[in-house]
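In: Quick one: sequence plus predicted model below, questions after.
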Amino acid sequence: MRRRGFLRGLGQAGVLLGAPIVFERFLPAGLTPVALVQAAQPPVLAGKDPRLQVLNDRPVNVETPAHLLDDRVTPAKRMFVRNNGHPPPAVDPRSWTLVVRGESIRRETSYTLDELKRRFENVSLQLVIECGGNGRAEFVPPASGNQWRLGAVACPRFDGIRLRDLLDDCGVQDDAVYVAYRGADTHLSGDPQRDPISRGVPLAKAIEAESLVAFGMNGEPLHPLHGHPLRLAIGGWPGSVSGKWLNELLVRDRVHDGAKMGGQSYRVPCAPVEPGEKVPDEAMCIIESMPVKSLITHPQTGLRLPLDESLTVRGHAWAGDLAVERVELSIDFGATWRAAELEAPANRLAWQHFSAHVDLPQRGYYEIWARATDTAGVAQPMLLPGWNPKGYLNNATHRVAVYAV
Ligand SMILES: Nc1nc2c(c(=O)[nH]1)N[C@H]1C(S)=C(S)[C@@H](COP(=O)(O)O)O[C@H]1N2
Ligand SMILES: [Mo]
């Protein structure tokens, strides 16, 4: 029943299948189109690499296997998708408006997309968007929610304007504390009064030069699943602050209290807890900067490599609001480490590429481990970081299996 509502009512089937269902009126109630039945074949998402892994189709949540994140700039077709509700049906960018309002705004103002593009300086920046729950699948005891493994992270180049230029245009009052978003997606319950998600960042983060209101990605309009025609792109913080299908900005005189700001959402215990412990809401703190992390994007785990062939290891590393100072690799389960070549980021809050040549001494099974250290001297943990009820912030070292044959 609910699935039928999802397919019929909200026109998402087109997005999922990549084509309208021509005889949709004859589709029996409750019958899922076979192309969407995971067991039969992976669902096809329009414009997406078919090798992405679908974790959930209601709402749509899709992750990218690590080896498909090898591009320096993540193409839209390989970017993970994290939806909390149902995306709006096809939108007309010409009639789209963004309203800026809230207790701490001087002049409530509405802009068309065209006005945003014409009136403010256009900038393009590569920014890391990583879901706060990336890596959740590894927590023990398990945490509920999408069982993301490694691939809820991407670093595309966003095209847009600076959020601060827009805020300046409306005038921010001295009592402003937080800048929050609302989007045009709808709550899973179908209740139009409820936002699927409405989060934000403190004013200081909102007015950083890298906090963007983006109308494009990699030189193209945003993909429908990534927020077309407008989204926030705020690097280094949990992806949930980068609101998609953006149609409202709220300049608040308090910490924003929208959907998924409170309770246990995107919050971790303010002080460490025992695995499995119940933590009261008052003892949970909002996640801000994401922790230092790295991902090996080549080779693909499980590689079988002739012993006489040299192995190139490649990947990316990022560190929330900070930069990455070094990346080290180990082929002996962490007994010894060797520095990899590490490049500077394309811009602040972009990920950094690393590479190294690795020689495997004899035939057999190896694991390549990667460990990044940020500019504050904090390194990734070898095993799981602090357990937390919702399974956020897993930045354990990435391990890739290689067989020398
Ligand atoms: N309007 C809206 N914005 C949203 C979301 C959403 O469900 N609705 N999901 C958020 C979360 S939790 C993440 S991790 C990022 C994911 O961005 P992507 O789907 O473009 O990869 O979008 C964020 N912005
Ligand atoms: Mo997320």
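Out: The structure has been received and is ready for your questions. Ligands and ions are numbered 1, 2, ... in the order given.
In: all strands of the stretch 51-200 of the chain, in order?
Out: Counting by DSSP state E, counting those that start in this stretch, the stretch 51-200 of the chain has strands at residues 53-57, 60-63, 81-82, 97-101, 109-112, 122-126, 129-130, 153-154, 157-162, 178-183, 200-202.
In: Out of the ones you listed, which is the most enclosed?
Out: Of all these, strand 129-130 carries the top mean neighbour count, a mean of 28, counting by mean count of other Cβ atoms under 10 Å. Heads up, the C-betas are built off the backbone N, CA and C, glycines and all.
In: which helices and strands sit right next to that one?
Out: If you count contacts as 3 or more Cβ pairs under 8 Å, 6 or more residues apart in numbering; DSSP states H and E, strand 129-130 packs onto strand 153-154.
In: Could you see whether ligand 2 lies near the strand it packs on?
Out: No - Strand 153-154 lies out of reach of ligand 2 by Cβ under 5 Å from the ion, never closer than 10.3 Å.
In: Could you tell me which residues of the protein lie near ligand 2?
Out: Checking the chain against ligand 2 by Cβ under 5 Å from the ion, the hits are 82, 131, 239, 240.
In: Most neighbours among those residues, which one?
Out: residue 82 (28 neighbours; other Cβ atoms under 10 Å).
In: shouldn't that residue be in contact with residue 61?
Out: Yes - counting by Cβ atoms under 8 Å, residue 61 is a contact partner of residue 82 at 5.8 Å.
In: Now for the two: what residues contact both?
Out: residue 146 (Cβ atoms under 8 Å, 6 or more residues apart in numbering).
In: Might you report the residue contacts of residue 183?
Out: By Cβ under 8 Å, 6+ apart, residue 183 lies in contact with 195, 196, 197, 198, 227, 231, 243, 244, 245, 246, 247, 248.
In: Then residue 216?
Out: 158, 159, 160, 222.
In: from those residues, which is closest to ligand 1?
Out: residue 222 (8.3 Å; Cβ to the nearest ligand atom).
In: which residues does the closest residue to the closest one other than its chain neighbours contact?
Out: Closest residue to residue 222 apart from its sequence neighbours, by Cβ to Cβ, 6 or more residues apart in numbering: residue 228 at 4.1 Å. Taking Cβ under 8 Å, 6+ apart, we find residue 228 in contact with 91, 93, 221, 222, 245.
In: The third one touches residue 215, doesn't it?
Out: Yes - at 7.1 Å, residue 221 and residue 215 qualify as touching, with contact defined as Cβ under 8 Å.
In: Give me the spatial nearest neighbour of residue 201, chain neighbours excluded.
Out: residue 241 (5.2 Å).
In: Over to residue 202?
Out: residue 178 (5.8 Å).
In: Hmm, residue 164 and residue 121 touching each other?
Out: No - counting by Cβ under 8 Å, residue 164 is not a contact partner of residue 121; they are 10.7 Å apart.
In: Strands of the stretch 251-400 of the chain, start to end?
Out: Listed in chain order, the strands of the stretch 251-400 of the chain (DSSP E, counting those that start in this stretch) span 267-269, 284-286, 293-298, 303-305, 311-318, 324-330, 338-339, 341-342, 352-358, 364-374, 398-404.
In: Can you lay out those strands as JSON lines showing mean neighbour count?
Out: Below are the strands of the stretch 251-400 of the chain laid out as JSON lines (neighbours: other Cβ atoms under 10 Å):
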{"stretch": "strand 267-269", "mean neighbour count": "21"}
{"stretch": "strand 284-286", "mean neighbour count": "17"}
{"stretch": "strand 293-298", "mean neighbour count": "25"}
{"stretch": "strand 303-305", "mean neighbour count": "14"}
{"stretch": "strand 311-318", "mean neighbour count": "23"}
{"stretch": "strand 324-330", "mean neighbour count": "21"}
{"stretch": "strand 338-339", "mean neighbour count": "10"}
{"stretch": "strand 341-342", "mean neighbour count": "16"}
{"stretch": "strand 352-358", "mean neighbour count": "19"}
{"stretch": "strand 364-374", "mean neighbour count": "20"}
{"stretch": "strand 398-404", "mean neighbour count": "19"}
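In: Nearest to residue 171 among those strands would be which one?
Out: strand 284-286 (26.4 Å; Cβ to Cβ).
In: re the thing from before, what touches both of residue 221 and residue 215?
Out: Counting by Cβ under 8 Å, 6+ apart, the shared contacts of residue 221 and residue 215 are residue 229.
In: Identify the residue spatially nearest to the closest residue to ligand 1 within the stretch 51-200 of the chain, adjacent ones excluded.
Out: In the stretch 51-200 of the chain, the residue that lies nearest ligand 1 is residue 183 (2.7 Å; Cβ to the nearest ligand atom). Leaving aside its sequence neighbours, residue 183 sits nearest to residue 245 (Cβ to Cβ, 6+ apart; 4.0 Å).
In: which residues touch that neighbour?
Out: Counting by Cβ under 8 Å, 6+ apart, residue 245 makes contact with 87, 88, 91, 183, 184, 185, 227, 228, 230, 231.
In: Let's see that with 6 Å instead.
Out: By Cβ atoms under 6 Å, 6 or more residues apart in numbering, residue 245 lies in contact with 88, 183, 184, 185, 227.
In: Fine by me, we can end here.
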